[in-house]
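Peer 1: pasting the structure only:
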Ligand SMILES: NC(=O)c1ccc[n+]([C@@H]2O[C@H](COP(=O)([O-])OP(=O)(O)OC[C@H]3O[C@@H](n4cnc5c(N)ncnc54)[C@H](OP(=O)(O)O)[C@@H]3O)[C@@H](O)[C@H]2O)c1
């Protein structure tokens, strides 16, 4: 689809991949609206990029999604692209007895349910546009899990599945459904991890390179965008699934050694 002249809403656009996508789409001549939870991050970005539109909104909160829809469609009735990018990723030791039942599901609420709710809310509006797109940002870990981030991996596998169903269900509309599955990318998302957690893994991709792949893929109507090591994980996860899990399991030993029960 075209990559200029759109009106694009990017959830989680104040950092990392979302911020780089926002800046790049702005340069390409699009109207770009970004969301995030943290007002300070939104203010900083607005100062740096005055042409960007920023709205504080929590993608894991259904009431906030309803309010976001009202605001965005009133202020930007030409909205035709939704990029579901907001995401969180934590290390979680399932044998650790701390934490509660609400906390354990945060990645599902944000990365999976948040996207499903955004799609449900914005779909009627997107269907009215002459050309429209939904881009769901999954991960290479959608294809094979990283066992020290079990809930994150499950959220992305779920989002990969949802995106395939969505694409089929929208086949009689003008909406193109893209999946962007990044490999490990240098962004603040990695701050929760130690160097030992990713030792021996593939090198991290620069965020501008990832966004080059994303924009090229969208322009070419490549619905499944799997740059770098994500493509390897996609193949390995299907051809040699046990090996793929074993390769990503080394950091579990250190995690188990620190278990608090
Ligand atoms: N970096 C990687 O290696 C990698 C690899 C594969 C996939 N991905 C995916 O790429 C996406 C972007 O990640 P990133 O690496 O760019 O991470 P990041 O730098 O941490 O950025 C995450 C963005 O999401 C926002 N966010 C988080 N929770 C939110 C919520 N509930 N509501 C609204 N905004 C929320 C954050 O802002 P606030 O904190 O202010 O809300 C921030 O703008 C995520 O879906 C991630 O899973 C990343």
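Peer 2: Arrived safely, thanks for sending. The structure displayed is predicted, hence computed values, not measured ones.

Peer 1: Near the nearest residue to residue 16 once chain neighbours are set aside, how many other residues are there?
Peer 2: Excluding the flanking residues, the one nearest residue 16 by C-beta to C-beta, 6 or more residues apart in numbering is residue 187, at 3.0 Å. Yep, even glycine has a C-beta here, placed from its N, CA and C like the rest. Number of residues near residue 187 (other C-beta atoms under 10 Å) recorded here: 19.

Peer 1: so what's residue 187 scoring on pLDDT?
Peer 2: For residue 187, the model assigns a pLDDT of 96.

Peer 1: Now do it against residue 70, distance only.
Peer 2: 30 Å (C-beta to C-beta, to the nearest Å).

Peer 1: Ok, residue 83 next?
Peer 2: Residue 83 sits 19 Å away from residue 70, going by C-beta to C-beta.

Peer 1: Also residue 133?
Peer 2: From residue 133 over to residue 70 (counting by C-beta to C-beta), the distance is 22 Å.

Peer 1: so which strand or helix has residue 135?
Peer 2: strand 132-137 (DSSP states H and E).

Peer 1: tell me the mean pLDDT over that strand?
Peer 2: 98.

Peer 1: Is the ligand within reach of that strand?
Peer 2: Yes. With C-beta under 6 Å from any ligand atom as the measure, strand 132-137 is seen reaching the ligand through residue 137.

Peer 1: Please apply the same query to stretch 150-162.
Peer 2: No. Using C-beta under 6 Å from any ligand atom, stretch 150-162 stays clear of the ligand, coming no nearer than 6.7 Å.

Peer 1: and residue 133 and residue 70? which has more neighbours close in?
Peer 2: residue 133 (23 against 10).

Peer 1: who touches that one in this structure?
Peer 2: 1, 6, 80, 81, 82, 175, 176, 177, 178, 218 (C-beta atoms under 8 Å, 6 or more residues apart in numbering).

Peer 1: 6 Å instead, please
Peer 2: 1, 81, 176 (C-beta atoms under 6 Å, 6 or more residues apart in numbering).

Peer 1: next one: residue 183
Peer 2: 140, 205, 228, 229, 230.

Peer 1: Near the ligand, which residues of this protein are found?
Peer 2: 11-18, 35-38, 41, 58-60, 85-89, 110-111, 137, 139, 182, 184-185, 187-189.

Peer 1: Pull out the buried residues from those.
Peer 2: By neighbour count, with 16 or more other C-beta atoms under 10 Å, those hold 11-18, 35-37, 41, 58-60, 85-89, 110-111, 137, 139, 182, 184-185, 187, 189 as buried.

Peer 1: C-terminal to the helix-or-strand element of the chain with minimal mean pLDDT, what's the next element?
Peer 2: Ranked by mean pLDDT, DSSP states H and E, the weakest helix or strand in the chain is helix 195-198, scoring a mean of 86. Moving toward the C-terminus from helix 195-198, the next helix or strand (DSSP H and E) is helix 207-219.
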